[in-house]
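S.K.: Mind folding the following:
(one chain, ligands or ions: 2)
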Amino acid sequence: MIRDSYGRPLKSLRISVTSKCNFDCVYCHQEGIEKSRSEMTAEEIERIVRLSAAHGVKKVKITGGEPLLRHDIEEIIERIAGVEGIIEVSMTTNAALLTKKAEGLRAAGLRRVNISLDTLDPAVFKEITQGGRLETVIEGVKSAVEYGLEPVKLNMVVMRNLNTDKIKEMIAFASENRAILQLIGLMENEYSDEFFKEYSCDLDRIVAELEEEANEVLIRKFMQNRTRYILDEGEVEVVFPMHNTEFCANCTRIRVTADGKFKPCLMRTDNYVDFLDAMRSGASDVELEKLFLEAVSRREPYFKKRVDISEAEAADVKNEGSV
Ligand code: SAM
Ligand code: SF4
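M.R.: Ligands and ions are numbered 1, 2, ... in the order given. All right, here's what the predicted structure looks like:
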């Protein structure tokens, strides 16, 4: 298994298969996609997975944009699931199109899904997604469970004054539907700066309440040390990448953008490694492997412990006047 220069093993790929989306969520970071470039074909995606699997990558998560907008999504899943060494293919989706696709995706080899769901209030849902219909997503959740895409995880981005008071309601909904709620801290990005300032919230209070009420607390090693709380109402996990040294220290994934670039870090847009141009110009597997290794060598924890803080970051902190 390959490790980066910080000793972190590389275990999974998170591949964006399209930059298109049928929603327009107010906070969306679009996973760092340049919209003008063309998407990878199913064959190109399979090739990059095969190459990564040869270095020990075992799990692949498909994302977007909205991956269910790809007409060949079943073929993509089938090709990835067929690669030697890959033990799990999962997907993150808004689920608006999942009801009609769940059965085919399961048959193609999809094992489980994360479904974005921030609220159970149709009006708030419409506001967040800028036009989405909540009932289609709820049907999608039920179809995912019905066709065995389990465990279904519901990704809830926590936003101050928008859904912070609805967490218990969401845990109960998830539990009734045999799903697990995952609370995600709102991340700042170039598309949603104003929104971030208004709606980001400190998860500490929420976490303290969960800790107090939980019957059991589990730490998920190699999943960025995420914490899972087992409550009477159901299960809930917390993912908080911003300013989280544990999240970065335990990161074991590399991202691939829809336009064919390795993205070594969720938080950065300045260290991509393009492989699609090379692939389309006839690069051999050995040449592509070099690009893969280059991307792995560019992996470094974005949020580091104080002792590791780089000079540049230290200067930033100083400029902001904080300790
Ligand atoms: N369209 C699919 C979906 O919504 O699940 C897949 C792509 S979406 C970019 C992947 C995940 O990123 C979603 O769960 C979404 O809620 C989350 N996300 C997008 N922008 C975010 C932000 N600014 N902060 C935190 N999570 C965000
Ligand atoms: Fe972004 Fe997913 Fe919302 Fe589409 S559905 S806008 S990709 S978070």
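
S.K.: Need the per-residue pLDDT for residue 135.
M.R.: Listed pLDDT for residue 135 reads 98.

S.K.: interface residues of the stretch 101-250 of the chain facing ligand 2?
M.R.: For the stretch 101-250 of the chain, the residues in contact with ligand 2 under the definition C-beta under 6 Å from any ligand atom are residue 116. C-betas here are computed from N, CA, C, even on glycine.

S.K.: What ranges does the stretch 151-300 of the chain have for its strands?
M.R.: Assigned by DSSP state E, counting those that start in this stretch, the strands in the stretch 151-300 of the chain fall at 152-158, 179-185, 216-220, 226-230, 235-239, 253-256, 261-263, 273-274.

S.K.: wait, which of those is closest to ligand 1?
M.R.: Among the strands of the stretch 151-300 of the chain, strand 152-158 comes nearest to ligand 1, with 3.5 Å by C-beta to the nearest ligand atom.

S.K.: in its sheet, what does the closest one sit against?
M.R.: Each strand paired with strand 152-158, and its direction, by DSSP bridges: strand 112-116 (parallel), strand 179-185 (parallel).

S.K.: who's in contact with the longest one?
M.R.: By C-beta atoms under 8 Å, 6 or more residues apart in numbering, the list of residues contacting strand 179-185 from outside reads 114-115, 141, 145, 151-158, 167, 170-171, 173-174, 200, 203, 206, 228, 234-242.

S.K.: Any of the residues you listed buried? List them.
M.R.: 114-115, 141, 145, 151-158, 167, 170-171, 173-174, 200, 203, 206, 228, 234-241 (16 or more other C-beta atoms under 10 Å).

S.K.: Near ligand 1, list only the ones from those.
M.R.: For ligand 1, the contacts drawn from these by C-beta under 6 Å from any ligand atom are 155, 157.

S.K.: circling back to that earlier point, I'd like the strands of the stretch 151-300 of the chain as CSV, with mean pLDDT appended.
M.R.: Rendered in CSV, the data for the strands of the stretch 151-300 of the chain read as follows (pLDDT from 0 to 100):
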stretch, mean pLDDT
strand 152-158, 96
strand 179-185, 93
strand 216-220, 84
strand 226-230, 85
strand 235-239, 89
strand 253-256, 95
strand 261-263, 96
strand 273-274, 96
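
S.K.: Quick one: name the residues of the stretch 51-200 of the chain near ligand 1.
M.R.: The interface of the stretch 51-200 of the chain toward ligand 1, taken as C-beta under 6 Å from any ligand atom, is made up of 63-64, 66, 92-94, 116, 155, 157, 184, 186-187, 189, 192.

S.K.: residue contacts, residue 142?
M.R.: Residue 142 is in contact with 99, 177, counting by C-beta under 8 Å, 6+ apart.

S.K.: All further residue positions should be reported with the first residue as 8.
M.R.: Done: numbering now begins at 8, and the last item shifts to residue 149.

S.K.: wait, is residue 21 part of a helix?
M.R.: No: counting by DSSP: H, G, I helix; E, B strand; the rest coil, residue 21 falls outside a helix, being strand.

S.K.: Do a quick rundown of the helices in the stretch 58-207 of the chain.
M.R.: If you assign secondary structure with DSSP state H, counting those that start in this stretch, the helices in the stretch 58-207 of the chain sit at 80-88, 105-115, 129-136, 141-153, 174-183, 200-206.

S.K.: just to revisit the earlier point, highest neighbour count among the residues of the stretch 58-207 of the chain next to ligand 1?
M.R.: Scoring those on neighbours with other C-beta atoms under 10 Å, the highest-scoring entry is residue 100 at 28 neighbours.
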